[in-house]
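Student: What follows is a predicted structure for the sequence shown.
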Amino acid sequence: MDKFISWMTDSFAPKINKIAKNPWIASIQSAIITAMPMVFIGSFATLLSIIGDFWERFPDLSMISTFSFGLFSLFLAYLIPEAVMNHKGHKDVSKASGLAGLAFFLMLVYPQILEGDQIQFDLNTLGAGGMIAALASGLFIGFIMNLFSKWKFIGEDSAIPDFVAVWFNTLIPIILILLIGWLFTFELDISLYGVVNSIFAPLIHLGNGFWGFVLISFIGYSFLYTFGISTWVIFPVQSAIALPAIAENQANFAAGNEVTNIFTAETIQLFIIGGGGGTLALCIMLAFMAKSKRLRMIGKASLVPSIFNINEPIIFGAPIAFNPILMIPMWIYGLVGPILTWIVMKVGLVPIPHEPFQLWYLPGPFMNWITTASIAGLIYFFVLFVVTWIIYYPFFKLYDKQAVEQDAELAEEGE
């Protein structure tokens, strides 16, 4: 175990962090994070819509969700090229790249040109359903703009104002980008949106299945976390699967069809009790049952954040990270949580989420009730809490005993 932890610390973790800091990966990550407030707004609309279940005259706020979460891919089409240029050190053309990304993406989604100079878009392509196309398009724009940034018509030492220089230096790459979009969409009558989605469909299908759901949840929210690697590392991969899935669930539910996509962020939130790895039970044990004064203090300091699913204080304070005793139960629950969740949803004991709701810091019981819109989801929270308690308890007792001995040794050395 010591050799494994040493390898993870000295070799694996630095490599993962290096990948996460790659400008292309970091650009996707920062773009998604920048657009997340729009998802939160959609979640607030979902939360407020509960009032409509009890008060018929309450206004329909679904359009707020449509023009926030429902335009998520459109936001990414701008943000990804802009982020690429910023990470590549070409901040002067970042906004122009974002605008080119918007224009290309709107061609990419294959709009219909109607009589009377009217244009028609499928709203699903602008929302989370078009996320894969937005990612591919954004990276393509970033590649082209970064490539042409090496050759400038007007250099930095020119007397021409900077904003004018940017105009001329971006003319050729943006014209090239728009020509490609025009050629495929309006001349060759090829839907690049459909092509991109068909290419990535097998990967999305694999990720959306049982093993994809379990492994991605385990690796991101438990395994890597125990080595101090943030769950944000896998966020682009998770989002590419989860956001289109909840958008499809929402559309199917509205149409009266079966909701089938389990791998959504809303589902993951059901078993993240106290944060990644389901650490709320451990936090309560430390705060009120630990014999070690040090562990009791850490538990009490971490309790309020844990209630709101923020567990960095206990991950790095207890610590769980790089702690062979507490890492193991976090790994165990990292597998048990998603497996149980998949089973109860597959057999119909707990409804599959059908509305976007990513206020992940809402305490568990309320989160489960709102996300699943059912009492079954609420009951499932307490079932999972008991499961986490059973898993963590023997390891807590072992670690607490070890901490008491260490505290006694330190006290003796201080005398």
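Tutor: Great, that's in hand.
Student: Which strands or helices does the helix or strand encompassing residue 28 pack on?
Tutor: Residue 28 is part of helix 23-52 when elements are defined by DSSP states H and E. Judged by 3 or more Cβ pairs under 8 Å, 6 or more residues apart in numbering; DSSP states H and E, helix 23-52 is in contact with helix 13-20, helix 62-66, helix 72-87, helix 131-148, helix 235-254, helix 364-372. For the C-beta atoms, the positions are set from N, CA and C on the backbone; glycine is no exception.
Student: same thing but 6 Å
Tutor: Other elements packing on helix 23-52 under the criterion 3 or more Cβ pairs under 6 Å, 6 or more residues apart in numbering; DSSP states H and E are helix 62-66, helix 72-87, helix 235-254.
Student: and the shortest one, what does it pack onto?
Tutor: The reference is to helix 62-66. Judged by 3+ Cβ pairs under 6 Å, 6+ apart, the packing partners of helix 62-66 are helix 23-52.
Student: Leaving out sequence neighbours, find the closest residue to residue 310.
Tutor: If the residues on either side of it in the chain are set aside, residue 310 comes closest to residue 275, at 6.0 Å by Cβ to Cβ, 6 or more residues apart in numbering.
Student: which stretches of the chain have low pLDDT?
Tutor: Filtered on pLDDT under 70, the chain yields the residue ranges 1-13, 15-17, 19-20, 50, 53-54, 152-165, 230, 232-233, 411-415.
Student: By residue count, what's the longest helix in it?
Tutor: For the chain, the helix reaching the highest residue count under DSSP state H is reported as helix 375-414.
Student: What's the first helix or strand after the helix or strand where residue 119 lies?
Tutor: Per DSSP H and E, residue 119 falls inside strand 118-120. Remark: after strand 118-120, the chain's next helix or strand is helix 123-126, criterion DSSP H and E.
Student: nearest to residue 29, of the helices and strands packed on helix 23-52?
Tutor: Checking the helices and strands packed on helix 23-52 against residue 29 by Cβ to Cβ gives helix 235-254 as the closest, at 5.5 Å.
Student: Give me the helices and strands touching that closest one, please.
Tutor: helix 23-52, helix 131-148, helix 192-208.
Student: repeat that with 10 Å
Tutor: Judged by 3 or more Cβ pairs under 10 Å, 6 or more residues apart in numbering; DSSP states H and E, helix 235-254 is in contact with helix 23-52, helix 62-66, helix 72-87, helix 123-126, helix 131-148, helix 192-208, helix 210-218, helix 265-271.
Student: orientation of the longest helix of the chain relative to helix 364-372 in degrees?
Tutor: 150 degrees (axes from the mean of the first three to the mean of the last three Cα atoms, to 10 degrees).
Student: Buried residues, helix 375-414. List them.
Tutor: Under the neighbour-count criterion of 16 or more other Cβ atoms under 10 Å, helix 375-414 has 377-378, 380-381, 384-385, 387-389, 391-392, 395-396, 399-400, 403-404 buried.
Student: now stretch 86-100
Tutor: Residues of stretch 86-100 classed as buried: 86-88, 90, 92-100 (neighbour count, 16+ other Cβ under 10 Å).
Student: repeat for stretch 136-151
Tutor: Those would be 136, 137, 138, 139, 140, 141, 142, 144, 145, 146, 148, 149, for stretch 136-151 by 16+ other Cβ under 10 Å.
Student: chain center to stretch 304-311, what's the gap?
Tutor: Computed by Cα atoms, centre = their mean, to the nearest Å, the separation of stretch 304-311 from the middle of its chain amounts to 18 Å.
Student: That one: end-to-end distance?
Tutor: 10 Å (Cα to Cα, to the nearest Å).
Student: and the nearest residue to residue 125 once chain neighbours are set aside, what is it in contact with?
Tutor: Sequence neighbours aside, residue 109 is the residue nearest to residue 125 in space, at 4.0 Å (criterion: Cβ to Cβ, 6+ apart). Contact analysis of residue 109 by Cβ atoms under 10 Å, 6 or more residues apart in numbering lists 73-74, 77, 121-122, 124-126, 129-130, 133-134, 137, 185, 191-194.
Student: Residue 345 against residue 262, yeah?
Tutor: Yes. In this structure, residue 345 is within contact of residue 262 by Cβ atoms under 10 Å, at 5.2 Å.
Student: which residues do these two both contact?
Tutor: Shared contacts of residue 345 and residue 262 (Cβ under 10 Å, 6+ apart): 352, 353.
Student: residue closest to the middle of the chain?
Tutor: residue 235 (4.0 Å; Cα atoms, centre = their mean).
Student: Would you mind measuring from it to residue 409?
Tutor: Here the criterion is Cβ to Cβ, to the nearest Å. By it, residue 235 lies 41 Å from residue 409.
Student: Next, work out how far apart residue 286 and residue 316 are.
Tutor: In terms of Cβ to Cβ, residue 286 sits 14 Å off from residue 316.
Student: let me redo that: residue 361
Tutor: Between residue 361 and residue 316 the computed distance is 18 Å (Cβ to Cβ).
Student: again with residue 106
Tutor: According to Cβ to Cβ, residue 106 stands 44 Å off from residue 316.
Student: before we move on, what about residue 214?
Tutor: According to Cβ to Cβ, residue 214 stands 26 Å off from residue 316.
Student: ok, back up a step: so which of the buried residues of stretch 86-100 comes closest to residue 175?
Tutor: Closest to residue 175 out of the buried residues of stretch 86-100 is residue 100 (9.6 Å), distances taken as Cβ to Cβ.
Student: Touching, the closest one and residue 172? I think so.
Tutor: No. With contacts counted by Cβ under 10 Å, residue 100 stays clear of residue 172, the gap being 11.5 Å.
Student: where do the contact lists of those two overlap?
Tutor: Common neighbours of residue 100 and residue 172, using Cβ under 10 Å, 6+ apart, are residue 144.
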